[in-house]
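1. Quick one: sequence plus predicted model below, questions after.
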Amino acid sequence: GQTVQNLTTDTPPAIYLFSNYIWSHHWNSERSKDVKAANPHSLTIHGGPNTPKYDDDIQKFLHMNPSVDIAIHGEGEETFAHCLDVLQGCFDGDDAPDLSGLRDVPGLSFRLGDEIIHTGKRDRMSDLDVVPSPFQNGLFERAGDDEIILMTIETNRGCPYGCTYCDWGSATLSRIRKFDLDRVLDEIEWCGRNKVKTIFGADANFGIFARDVEIARKVVEVNKTYGYPKVFETSYAKNTVKHLQQIVEILAGGGVISTGSISLQSVDAGTLDAIRRSNIRLDKYDELAVEFGKQDLPLVIELMMGLPGATMDSFLGDIQQAVDREVKARVNPTEVLMNSPRNDPEYRAEHQIETLRPVNQDWSQPNETRRKALVVSSTSFSREEYDLMERYRQVFLLCENFGVL
């Protein structure tokens with residue numbers, strides 16, 4: 001609240017931008033109220049992965065948050081730039097800004113009086129490099145001389161898979177588009193020079209391209225020069241292990257902390273069918289697990305509990321195979337994300353998905369810590385079975401990962 005007050009004191013109406021993630025959505029909704037309280041003619045624009053895209057959710061979001069003027073859906077850079085072009089000249093003295101021109105801007109929703117207008121979808125950008133790099137254009141230079149805990153870098157955007165639990169920037173089931181390699185390498189150099197401790201690679205499938213090996217080498221080279229970054233975290237390719245071993249060898253051998261992560265989620269055929277997921281071949285997974293073990297390289301597999309299509313037996317089978325293969329497993333409860341295919345009303349009805357609390361509960365719970373919309377029952381498991389699975393999950397983590405037994 002104090003931040004908004006500092007920004008709005010003695011200033012004319014302005015445009016405020018909010019990027020909604022699951023961890024920031026509630027805070028952004030509260031700050032939008034502060035903006036409107038300071039000057040009701042200021043405009044608030046909300047985008048980001050947790051800004052809803054399904055029609056009913058958009059209606060609920062804007063009705064529950066009257067302090068939000070405009071919602072941008074999906075990939076937002078071009079939509080936002082187009083939006084600003086239209087808004088030029090809309091602020092006229094003491095009158096509220098005229099938003100009617102936004103009808104011609106695809107990719108957003110906005111309120112016009114008592115009406116909520118949807119302008120339809122915008123095509124994804126074909127050339128990512130039209131978006132300026134904030135590393136290269138000086139935007140991040142104000143970061144200062146102290147160590148920076150974490151910075152995010154995208155080397156590509158999009159994901160060819162359509163797993164129902166996932167929402168990767170609303171860019172699933174799409175062609176992967178690459179940022180220019182020299183741009184990526186320059187951004188990594190910036191991170192080392194500016195003492196960034198951890199680089200988080202925002203790719204959905206790092207290691208899917210041969211050039212990702214070169215990117216890993218650059219991270220190590222920069223670490224040798226500057227002592228930073230010390231950690232490189234990312235999500236590795238789901239359906240190919242062709243480059244993964246080499247990438248992890250480079251990072252581990254170069255003293256950069258990282259982990260080979262394989263997102264199995266489940267090895268049960270029925271579960272994989274229900275979540276529309278094409279998994280890596282188990283024989284390739286076995287080869288990789290053996291090789292990582294021989295070289296004492298870090299490897300972890302990701303599993304999910306509470307997936308539609310899963311049963312008590314299939315879940316126990318998933319954690320048993322981790323024990324049998326002697327690989328570390330992260331076992332995560334399943335959350336319904338706002339824009340994931342799992343939150344599509346038809347999919348929820350088909351699998352009778354029940355969540356512990358509504359997906360949109362954070363919009364109406366001021367000053368509370370965010371609580372997850374966990375899947376607690378579906379057509380394949382009951383709430384009682386879910387509670388038992390959670391007990392098994394905790395015992396597995398305690399006894400296997402923490403080595404109590």
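-> Looks like it came in fine. Residues are numbered from 1 along each chain as shown.
2. any idea of the mean pLDDT in the biggest strand by length in the chain?
-> For the chain, the strand with the greatest residue count under DSSP state E is strand 196-206. Across strand 196-206, pLDDT averages out at 94.
3. How far does it sit from its chain's centre?
-> 12 Å (Cα atoms, centre = their mean, to the nearest Å).
4. what number of residues lie near residue 277?
-> Using other Cβ atoms under 10 Å, residue 277 has 22 neighbouring residues. All C-beta atoms are positioned from the backbone trio N, CA, C, and that covers glycine.
5. ditto for residue 273
-> Neighbour tally, residue 273, other Cβ under 10 Å: 10.
6. What about it? Give its phi and psi, please.
-> phi -70, psi -40 (degrees, to the nearest 10).
7. Quick check: it vs residue 55, distance?
-> 28 Å (Cβ to Cβ, to the nearest Å).
8. again, but for residue 223
-> 47 Å.
9. more neighbours, those two?
-> Comparing residue 223 with residue 55 by other Cβ under 10 Å, the one with more neighbours is residue 223, at 22 against 12.
10. picking up where we left off before, pull out the buried residues from the longest strand of the chain.
-> 196, 198-206 (16 or more other Cβ atoms under 10 Å).
11. Same question for stretch 315-328.
-> For stretch 315-328, by 16+ other Cβ under 10 Å, it's 315, 318-319, 321-322, 325, 327.
12. wait, which of these is closest to residue 29?
-> residue 315 (35.2 Å; Cβ to Cβ).
13. that's a helix at the closest one, yeah?
-> Yes. Under DSSP: H, G, I helix; E, B strand; the rest coil, residue 315 sits within a helix.
14. Now it: closest residue in space that isn't a chain neighbour?
-> Spatial nearest neighbour of residue 315, excluding adjacent residues (Cβ to Cβ, 6 or more residues apart in numbering): residue 389 at 5.3 Å.
15. Residues touching the helix or strand harbouring that neighbour, excluding its own?
-> Take DSSP states H and E as the rule and residue 389 turns out to sit in helix 383-396. Helix 383-396 is contacted by residues 305-306, 311-312, 315-316, 319, 329, 331, 333, 354, 375-377, 381 when judged by Cβ atoms under 8 Å, 6 or more residues apart in numbering.
16. Quick check: residue 297 touching residue 250?
-> No. Applying Cβ atoms under 8 Å as the test, residue 297 and residue 250 come out as separate, 10.8 Å apart.
17. what sits against residue 217?
-> residue 250.
18. quick one: the helix or strand hosting it to strand 196-206, angle?
-> Applying DSSP H and E as the criterion places residue 217 in helix 211-226. If you take axes from the mean of the first three to the mean of the last three Cα atoms, to 10 degrees, helix 211-226 sits at 180 degrees to strand 196-206.
19. Helix, strand, or coil at the spatially most central residue of the chain?
-> In the chain, the C-alpha nearest the mean C-alpha coordinate belongs to residue 168, at 5.3 Å (Cα atoms, centre = their mean). Using three-state DSSP, the structure places residue 168 in coil.
20. What residue, apart from its backbone neighbours, is nearest it spatially?
-> Nearest non-adjacent residue to residue 168 (Cβ to Cβ, 6+ apart): residue 204, at 4.6 Å.
21. hang on, isn't that neighbour packed against residue 159?
-> Yes. Residue 204 is within contact range of residue 159, at 3.9 Å (criterion: Cβ under 8 Å).
22. And the strands in the stretch 101-250 of the chain?
-> Listed in chain order, the strands of the stretch 101-250 of the chain (DSSP state E, counting those that start in this stretch) span 108-112, 115-118, 148-153, 156-157, 177-178, 196-206, 231-236.
23. now the residue nearest to residue 168: how far from residue 71?
-> In terms of Cβ to Cβ, residue 204 sits 24 Å off from residue 71.
24. got it, and residue 44?
-> Applying Cβ to Cβ to residue 44 and residue 71 gives a distance of 10 Å.
25. what would the strands of the stretch 101-250 of the chain look like in JSON lines with distance to residue 138?
-> Shown next, in JSON lines, are the strands of the stretch 101-250 of the chain (distance: least, Cβ to Cβ, whole Å):
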{"stretch": "strand 108-112", "distance to residue 138": "28"}
{"stretch": "strand 115-118", "distance to residue 138": "36"}
{"stretch": "strand 148-153", "distance to residue 138": "15"}
{"stretch": "strand 156-157", "distance to residue 138": "23"}
{"stretch": "strand 177-178", "distance to residue 138": "24"}
{"stretch": "strand 196-206", "distance to residue 138": "16"}
{"stretch": "strand 231-236", "distance to residue 138": "24"}
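26. So for residue 39, which of the ones you listed sits nearest?
-> Across the strands of the stretch 101-250 of the chain, closest to residue 39 is strand 108-112 (Cβ to Cβ), at 17.2 Å.
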